[in-house]
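K.L.:
need a structure here:
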Amino acid sequence: MNSKKSSTNICPIARTLAFLGDAWTILILRDANIGSTRFDQFRKSLGIAPTMLTNRLETLTEEKLLEKRRYSDRPPRDEYILTEAGRDYLPILYMIAAWGQKHRGEGKLARFLDAETGIEIKPVAIDAVSGAEIGTRPIRMLVPE
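P.N.:
You can find the predicted model right below:
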């Protein structure tokens, strides 16, 4: 998908997938949401090639999901901190995980627990206006003229 062309696409899903629709990018955000901030932490956790990780971190920084901050001048080292947009992605990650548990749940899987109660979370998407669970009622897309 051409990211420059899709940035003018009227569909917010297409616009977002233009830079966020890659597995590595989503897994970097997963790791950032569970506390990773440094290049070596991401590389070790993901087993991703350094050049690929550099490219993904640059994109996430350009798209303002991560903020690059210097934590050492000698040698120069940066860390990547979630922005508000990056933190807003957390519910999406857990919805992806819930879908994966339901439809790709063979074998051993990591579980996500509420840190305070220790109870496994069961995410559900709710429409804030109607209160209805998304997926239980038909949805249509209104295309601007």
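K.L.:
and the helices in the chain?
P.N.:
Counting by DSSP state H, the chain has helices at residues 3-6, 12-20, 23-33, 39-46, 50-62, 84-88, 90-103.
K.L.:
could you dump these to TSV with mean pLDDT?
P.N.:
As requested, those are exported to TSV (pLDDT from 0 to 100):
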stretch	mean pLDDT
helix 3-6	52
helix 12-20	88
helix 23-33	96
helix 39-46	97
helix 50-62	97
helix 84-88	96
helix 90-103	93
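K.L.:
hey, which of these is tucked in deepest?
P.N.:
Of all the helices of the chain, helix 23-33 has the most neighbours on average by mean count of other CB atoms under 10 Å, namely a mean of 18. Placement of C-beta: from N, CA and C, glycine included.
K.L.:
hmm, back to that, can I get the helices of the chain in JSON lines including distance to Met141?
P.N.:
As requested, these are arranged in JSON lines below (distance: least, CB to CB, whole Å):
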{"stretch": "helix 3-6", "distance to Met141": "16"}
{"stretch": "helix 12-20", "distance to Met141": "9"}
{"stretch": "helix 23-33", "distance to Met141": "23"}
{"stretch": "helix 39-46", "distance to Met141": "34"}
{"stretch": "helix 50-62", "distance to Met141": "26"}
{"stretch": "helix 84-88", "distance to Met141": "21"}
{"stretch": "helix 90-103", "distance to Met141": "19"}
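K.L.:
measure stretch 101-112 end to end?
P.N.:
End-to-end distance for stretch 101-112: 11 Å, by CA to CA, to the nearest Å.
K.L.:
name the residues that touch that stretch?
P.N.:
If you take CB atoms under 8 Å, 6 or more residues apart in numbering as the criterion, stretch 101-112 is touched by Tyr94, Ala97, Gly100, Glu120, Ile121.
K.L.:
now swap in stretch 67-76 and tell me
P.N.:
Here stretch 67-76 makes contact (CB under 8 Å, 6+ apart) with Arg38, Leu57, Thr61, Arg77, Asp78, Glu79, Tyr80, Ile81, Leu82, Thr83.
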